[in-house]
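[1] What shape does this take:
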Amino acid sequence: MRSWRDDARDHARQILQAALEAVSPQVAMRQVARDADALVLPEGTRVRLAGRTVRVVALGKAAGMMAAHAQPWGPLAEVVVSAPYRVDIPGFEAYVGAHPLPDEESVRAGERALELARATGPDDLLILLLSGGASAMAEAPAVPLDDLRRANEALLANGAPIEELNLVRRHLSRLKGGGLARACRGELLALCISDVDDVATLGSGPAWPDASRRADALRALERRGLADVVPRSVREHLARDEPPAPRLAPPRHVVLADNETALRAAAARAAALGYEARVRERWLRGEARERGRELGALAREPVARPTAHLAGGETTVRVVGGGRGGRNQEVALAAVDALSARDALLATMGTDGVDGPTDAAGAIVDGLTRARADALGLDAHAHLAENDAYAYFDALDDLIRTGPTGTNVRDVALLLVR
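    Here you go, the predicted model:
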């Protein structure tokens, strides 16, 4: 006989799968169509193709599948793709960019992206296919690459939010903070699968004007006590006077999918399964373990009918231990005590299928997790203190493993309460 726990686990899989399908590049890119001599954008705007040289730059975790969908829009003069996997499409110049820190391949991709932009003449069209992860997968460093990587590592280990991380990235790069747009003399169209609240910061904003200054990035490092931790070249570059940036208008752009898209699809599937769906957009932020405890406390609040709480966003982890895990696994681990012996289930997942430096997308906790862990001698508090959520959930076979999904719109947390 099936228990509520069995049903809840099956329902969680269905709800999270609905979220992933809604933000897949295949679904997102279908909103753009070729009609005779033009691209037709979702709101009906037409972008002329006929008689123009068209180039494509695709950057980020969804870059490969986004670029593949753009192939029939041709003829395309040049296509540069930087994705986390090898893209093997005839005529495409493909790079495997690193994440979360750029590498030499990322630099080759970033420099080629700038070359395509510079080759775009006044009547030409440059199409930028941009998705989360592009900040690391394409780079044109303004300081030595190793120094840029060390600065990024310091911010990540410190638990800096993505906004601060991207602020510093923009000012250590010739590609970001509008660098691609400044190099382009023709029309620039950006089609986006976004993992940020403000699309102008997606991929650290290669096509958008940036009102911030190097001094702002330096102050961000100072606030986190990192100004004397990052390499000297980084400090000197950010402290150096910068020339006024040329005026830059935002590009024509369309957000084809984002975190809200995933949450809407998940809520619709939850409602179809009989749950009252309650959505909290942009709530999943701040310290991962704090959000996990809050979600656990939410499971203790009485409900009149089966309820699905959905939250979206991206938390941070302050690394203090030597274990393995990711922000979604840490959210789940922090909720173990509160969910113990309750008819509730929490599933947290990175929509890119990768949670931290692990092979998992996230983890599942329910009312029996603590008792099962106790039987195996696993202590949630000890694992949390070591940032070692992966080992805890791996032993319980409660990791969510989707493999790389080819998209990225941040994270989704699902709390089912009977």
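[2] ok, and what's touching whatever helix or strand Ala266 lives in?
    When elements are assigned from DSSP states H and E, Ala266 belongs to helix 259-272. Surrounding helix 259-272, the residues in contact under the criterion C-beta atoms under 8 Å, 6 or more residues apart in numbering are 11, 14-16, 18-23, 194-195, 277, 279, 281-282, 308, 310, 312-313, 351, 409-412, 414. For every residue, glycine as well, the C-beta is placed using N, CA and C.
[3] Let me know the average pLDDT across that helix.
    Over the span of helix 259-272, the pLDDT mean works out to 98.
[4] Each with direction, which strands does the lengthiest strand in the chain pair with?
    Secondary structure of the chain per DSSP state E: the longest strand is strand 276-287. In the sheet containing strand 276-287, its partner strands are strand 307-316 (parallel), by DSSP bridges.
[5] ok so, going back, what about the longest strand of the chain, average pLDDT?
    Mean predicted lDDT for strand 276-287 stands at 93.
[6] That strand vs helix 259-272, what angle?
    Strand 276-287 runs at 140 degrees relative to helix 259-272, counting by axes from the mean of the first three to the mean of the last three C-alpha atoms, to 10 degrees.
[7] what's the helix or strand following strand 276-287 packed up against?
    Moving toward the C-terminus from strand 276-287, the next helix or strand (DSSP H and E) is helix 288-298. Taking 3 or more C-beta pairs under 8 Å, 6 or more residues apart in numbering; DSSP states H and E as contact, the helices and strands that helix 288-298 lies on are strand 276-287, strand 307-316, helix 327-334, helix 336-339, strand 344-350, strand 411-417.
[8] With just CA atoms, put the fourth one into PDB.
    In this case it means helix 336-339. These are the backbone C-alpha positions of helix 336-339, laid out as PDB (Å, rounded to 0.1, in the frame of the first residue of the first chain):
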ATOM      1  CA  VAL A 336      16.100  17.900   8.400                       C
ATOM      2  CA  ASP A 337      15.300  18.500  12.100                       C
ATOM      3  CA  ALA A 338      12.100  20.600  11.400                       C
ATOM      4  CA  LEU A 339      10.700  18.000   9.000                       C
END
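[9] now for it, which elements pack on it?
    Packed against helix 336-339 by the contact rule (3+ C-beta pairs under 8 Å, 6+ apart) you find helix 288-298, strand 362-366, helix 369-375.
[10] mind listing what's buried in that helix?
    Of the residues in helix 336-339, 336, 338-339 count as buried by neighbour count, 16 or more other C-beta atoms under 10 Å.
[11] For Asp379, state which of those residues is nearest.
    Of all those, Val336 has the smallest distance to Asp379: 9.9 Å, by C-beta to C-beta.
[12] neighbours of the closest residue to the closest one other than its chain neighbours, just the number please.
    In space, and not counting its chain neighbours, Val336 is closest to Ala380: 4.3 Å by C-beta to C-beta, 6 or more residues apart in numbering. Counted with other C-beta atoms under 10 Å, the neighbours of Ala380 add up to 21.
[13] for Ala380, what are its contacts?
    Going by C-beta under 8 Å, 6+ apart, Ala380 touches 333, 336-337, 370, 373, 392.
[14] quick one, phi/psi of Glu139?
    Summarising the backbone geometry of Glu139 under the convention degrees, to the nearest 10, its torsions are phi -150, psi 140.
[15] I figured it hits Glu105, correct?
    No. Proximity of Glu139 to Glu105 does not meet the contact threshold set by C-beta atoms under 8 Å, at 9.7 Å.
[16] circling back: from the contacts of helix 259-272, list just the buried residues.
    In the contacts of helix 259-272, the ones that pass as buried (16+ other C-beta under 10 Å) are 11, 15-16, 18-20, 22-23, 194-195, 277, 279, 308, 310, 312-313, 351, 409-412, 414.
[17] So which residues of the stretch 1-150 of the chain form helices?
    Assigned by DSSP state H, counting those that start in this stretch, the stretch 1-150 of the chain shows helices spanning 4-22, 25-29, 63-70, 104-119, 134-137, 145-157.
[18] Surely Val57 and Ser131 touch.
    No. Taking contact to mean C-beta under 8 Å, the distance of 11.9 Å between Val57 and Ser131 leaves them out of contact.
[19] of all the contacts of Ala380, which comes closest to Glu242?
    With C-beta to C-beta as the yardstick, the closest approach to Glu242 among those comes from Leu333, at 43.1 Å.
[20] returning to what we had before: comparing Glu139 and Glu105, which residue is more hemmed in?
    Glu139 (34 against 16).
[21] give me every residue that touches that one.
    Residues near Glu139 by C-beta under 8 Å, 6+ apart: 102, 106-107, 109-110, 145, 148, 173, 175-176.
[22] Save the residues you listed as JSON lines, and put in distance to Ala94 too.
    Written out in JSON lines, the entries for those read as follows (distance: C-beta to C-beta, whole Å):
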{"residue": "Pro102", "distance to Ala94": "16"}
{"residue": "Ser106", "distance to Ala94": "13"}
{"residue": "Val107", "distance to Ala94": "15"}
{"residue": "Ala109", "distance to Ala94": "9"}
{"residue": "Gly110", "distance to Ala94": "14"}
{"residue": "Leu145", "distance to Ala94": "20"}
{"residue": "Leu148", "distance to Ala94": "23"}
{"residue": "Ser173", "distance to Ala94": "21"}
{"residue": "Leu175", "distance to Ala94": "18"}
{"residue": "Lys176", "distance to Ala94": "21"}
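[23] From those residues, list the buried ones, please.
    Neighbour counting with 16+ other C-beta under 10 Å marks 102, 106-107, 109-110, 148, 173, 175-176 as buried within the contacts of Glu139.
[24] Determine which two of these are furthest apart.
    Spatially, the most separated pair among the buried ones among the contacts of Glu139 is Ala109 and Leu148, at 14.8 Å (C-beta to C-beta).
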